[in-house]
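# Sharing a model prediction with you, sequence too.
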Amino acid sequence: MSENKLLDLSFEFAVAVVNLVDGVTVPKSSYMTDQLARAGTSVGANIHEAQYAQSKRDFVAKLEIALKESNEASYWLKLMLETKRIDPQTYQHTERLCGNIRRLLISSCKTAKSSTSEEVL
């Protein structure tokens, strides 16, 4: 594990989402799996991109996009559970990862925003 827990967790989440999506065999599920794949992998991509942000504002914007994408991924996960496309254990594992990422993103955004506002003063 690297020094950046958020990067590591988001990558682990992306792998879990890809494996989940690849394992769905229920017919007529492609619209849900496509949406979950996009949102779930976008979380990590935006967190990774934030590491090379051009400014503090850009950094926060990328993390906020990742937060939105994690909320969307959570929606698709719950929908897939409720429509029996995935089993409860898969849902719980993947949603736990997503929730942990969301909490870290919220904290990181708050910290970055407060340090940005202090710099302006």
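Happy to help now that I have it. What you are looking at is a predicted structure, and each value in this text was computed from that prediction instead of being measured.

# List the buried residues of stretch 55-66.
Neighbour counts over stretch 55-66 (16 or more other CB atoms under 10 Å) mark 59-60, 62-66 as buried. (Each C-beta comes from the backbone N, C-alpha and C, glycine too.)

# Same question for stretch 48-55.
Under the neighbour-count criterion of 16+ other CB under 10 Å, stretch 48-55 has 48-50 buried.

# What is the distance between the host helix or strand of residue 44 and the centre of its chain?
Here residue 44 sits within helix 30-50, counting by DSSP states H and E. In terms of CA atoms, centre = their mean, to the nearest Å, the centre of helix 30-50 is found 7 Å from the chain centre.

# on contacts alone, who are the packing partners of the longest helix seen in the chain?
If each helix of the chain is counted by residues according to DSSP state H, the longest one is helix 88-120. Counting contacts by 3 or more CB pairs under 8 Å, 6 or more residues apart in numbering; DSSP states H and E, helix 88-120 is packed against helix 5-23, helix 30-50, helix 56-82.

# Would you tell me which of the ones you listed gets closest to residue 110?
If you check each of these against residue 110 by CB to CB, helix 56-82 wins as the nearest, at 9.7 Å.

# what about that closest one, average pLDDT?
Here helix 56-82 scores 97 as its mean pLDDT.
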